[in-house]
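> Could you look at this predicted model? Sequence included:
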Amino acid sequence: SEIYFHRISEVGALVGTNVRVTNDIAGSYWPSVAWNGHEYGVVWHDYRDGNYEIYFRRISDTGAPIGVDISVTTYAGSSQNASLVWTGSEYGVSWEDDRNGDYDIYFRRISELGAWIAVEGRVTDDISTSRYPSLVWSGAEYGLAWQDDRDGNNEIYFGQVSSAGTVISSGIRVT
């Protein structure tokens, strides 16, 4: 499995050709894309290092890959199912990670050129399973929703992360 990119016009017509973003025999999955005003950022997870890790790649406005894949995570265990947003000056990425024995939600800021900004933050920290994050930018902070079974069944939770990457709240039950 590989990640491909294809531009689509405002009326739904394909523009150009498919562009292969990854080239990995281990498989690449669950892409998330964000537009920054002049190029795209793409994140996904793959198994090239013997466990699932999150990677980031820039794509030009014409759909051509820029530079090389950049590792967002580098830990034992699985980092999967990333969600990417653009803030107007940088990217935010959130993902699920089982490095501590159960899946928790993590967050990291990435520069326009793909470099890490500060350290990652752990959004959830309990013995439950927190998975499938969905990240948005409000204009002032990040909003984050995910599936969580801390109450004995899967429910949707919401948390907030500051523009500096600090966790503001890590679990308001929505459902």
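Structure received.
> Phi, psi for residue 165 please.
Geometry field for residue 165 lists phi and psi as phi 90, psi 10, criterion degrees, to the nearest 10.
> Let me see the contact set for it.
For residue 165, the contacting residues are 92, 107, 108, 109, 117, 118, 119, 120, 121, taking C-beta atoms under 8 Å, 6 or more residues apart in numbering as the criterion. (Glycine included, C-beta is placed from N, CA and C.)
> what about 10 Å?
Residues counted as contacts of residue 165 (C-beta atoms under 10 Å, 6 or more residues apart in numbering) are 90, 92, 107, 108, 109, 117, 118, 119, 120, 121, 142.
> Please enumerate the strands of the chain.
Counting by DSSP state E, the chain forms strands over residues 4-8, 14-20, 28-35, 39-46, 53-60, 65-71, 79-86, 90-97, 104-111, 116-122, 130-137, 141-148, 155-162, 167-173, given from the N-terminal end onward.
> Now do the fourth one against strand 65-71, angle only.
Put plainly, it is strand 39-46. What separates the directions of strand 39-46 and strand 65-71 is an angle of 40 degrees, with axes from the mean of the first three to the mean of the last three C-alpha atoms, to 10 degrees.
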